[in-house]
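Asker: 3D model of this:
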Amino acid sequence: MRLSFLGGGTDFPSYFKNSGEVGRVFGCSIDKYVYVLGTNQPTFEKNRFKFTYRLTEEVNLIENFSHPVVREALRLLEWNTPINLATMASLPGRSGMGSSSAFTVALVALLKKCTNSEISNEEIAETAVKIERDLLNESGGLQDQYHAAIGGTRLYEFTKNKVSYTASISDYEFVKHLSESLFLLPIGGERSSTEFAKKTEHNISKDDTMPLLKQLSSLTSEVYERIESERDPEDALRILAEGMKEGWEIKKRISGSTSDNLDEALDFGLRNGAIAGKLCGAGGSGFAAFIVPADSRSKFQESYREDMLTKINIVNRGVETYEI
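Answerer: Now for the predicted structure:
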């Protein structure tokens, strides 16, 4: 899964394709995962295809799958071999951590592995985008697919003609400090990422939103460049925290991604040692992410019940497949 620090919203095609502007997102992949498992479906089974998630679907024809991503992925890859699929995740879905796209990325990688097909992680991201944004016509951005497939701590840039990304950020000490500083706090219940993506799409079309998105994109680039040129990891952490605060204020003006519950939670965290906090995703619920420096970490953790906080860490790898 992923944590987006800055720029979310500028990765929507309705922004960077229609305006000709550059969308930019700075974020990282984290040590919370979506797993997709696959094995041969026995020939004596009544149905040729099976998928187990919160439900179990068994069908003879791929087009009869209710799960849209599984159905379209298998159709896109012209799948014909009987297969039994299942999925599980480290965190609940609909919580703003990019789990839906991580599932699509993992599914594509698995299916390509099963056919011994060579495919790069970038091509996996492109295929996941095609399934979700083109075939299913789901509203949303492109960062989740690329974070899940490519991994690392990177700046992504989105233009009308291509997606590009930097090498994973070069300062190991900064990444280490940042990784040690990251915490998640659950906010409210689950929410539909699709519905809030639709709302964001609608807001992007407004005349007063485009300048805000352009401002957010520029801020994302500026913060990334300042972090890359800063040699002191603690100062780089402060630069990111300041940027996140400014970016969060812009995001609230764009999408209204807040609620009294969220505002109170963010304020509480900032009063108790965090130097930055933001909602992951959109919609006023899911998870809030905090950056907590070493000298405030004990106070911050002691301010919450033991079962409330989830420690997360940055990982420098993207989607991987294993054969057992």
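
Asker: can you map out the helices along the protein?
Answerer: Applying DSSP state H to the chain gives helices spanning 13-19, 68-76, 99-114, 121-129, 143-150, 172-180, 193-204, 210-229, 233-255, 260-271, 297-302.

Asker: Need the winner for burial among these.
Answerer: helix 143-150 (a mean of 28; mean count of other C-beta atoms under 10 Å). The C-beta positions use only the backbone N, C-alpha and C, and glycine is treated the same way.

Asker: quick one on the thing from earlier: for the helices of the chain, which one sits closest to residue 278?
Answerer: helix 233-255 (4.7 Å; C-beta to C-beta).

Asker: Mind telling me which of the helices of the chain the model trusts least?
Answerer: Among these, helix 193-204 has the lowest mean pLDDT, at a mean of 62.

Asker: JSON lines please, covering the helices of the chain and showing distance to residue 290.
Answerer: Formatted as JSON lines, these follow (distance: least, C-beta to C-beta, whole Å):
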{"stretch": "helix 13-19", "distance to residue 290": "27"}
{"stretch": "helix 68-76", "distance to residue 290": "31"}
{"stretch": "helix 99-114", "distance to residue 290": "20"}
{"stretch": "helix 121-129", "distance to residue 290": "28"}
{"stretch": "helix 143-150", "distance to residue 290": "19"}
{"stretch": "helix 172-180", "distance to residue 290": "12"}
{"stretch": "helix 193-204", "distance to residue 290": "21"}
{"stretch": "helix 210-229", "distance to residue 290": "17"}
{"stretch": "helix 233-255", "distance to residue 290": "10"}
{"stretch": "helix 260-271", "distance to residue 290": "5"}
{"stretch": "helix 297-302", "distance to residue 290": "7"}
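
Asker: Quick one: closest of the ones you listed to residue 323.
Answerer: Taking the helices of the chain one by one with C-beta to C-beta, helix 99-114 is closest: 7.3 Å.

Asker: Give me the neighbour count for residue 120.
Answerer: Using other C-beta atoms under 10 Å, residue 120 has 10 neighbouring residues.

Asker: pLDDT score for it?
Answerer: So residue 120 comes in at 96 (pLDDT).

Asker: Next, the contact list for it, please.
Answerer: Not one residue lies near residue 120 by C-beta atoms under 8 Å, 6 or more residues apart in numbering.

Asker: Nearest residue to residue 286 in space, please, no chain neighbours.
Answerer: residue 96 (3.4 Å; C-beta to C-beta, 6 or more residues apart in numbering).

Asker: what's the closest of the helices of the chain to residue 87?
Answerer: helix 99-114 (6.2 Å).

Asker: what's in contact with the closest one?
Answerer: 1-2, 33-38, 69-70, 73-74, 77, 79, 81, 83, 85, 87, 89, 91-94, 119, 124-125, 127-128, 131-132, 140, 144-145, 148-149, 193, 319-321, 323.

Asker: same thing but at 6 Å, please
Answerer: Residues from elsewhere that reach helix 99-114 (C-beta atoms under 6 Å, 6 or more residues apart in numbering): 1, 34, 36, 38, 69, 73, 77, 89, 93, 119, 124, 127-128, 131-132, 144-145, 148-149, 319, 321.
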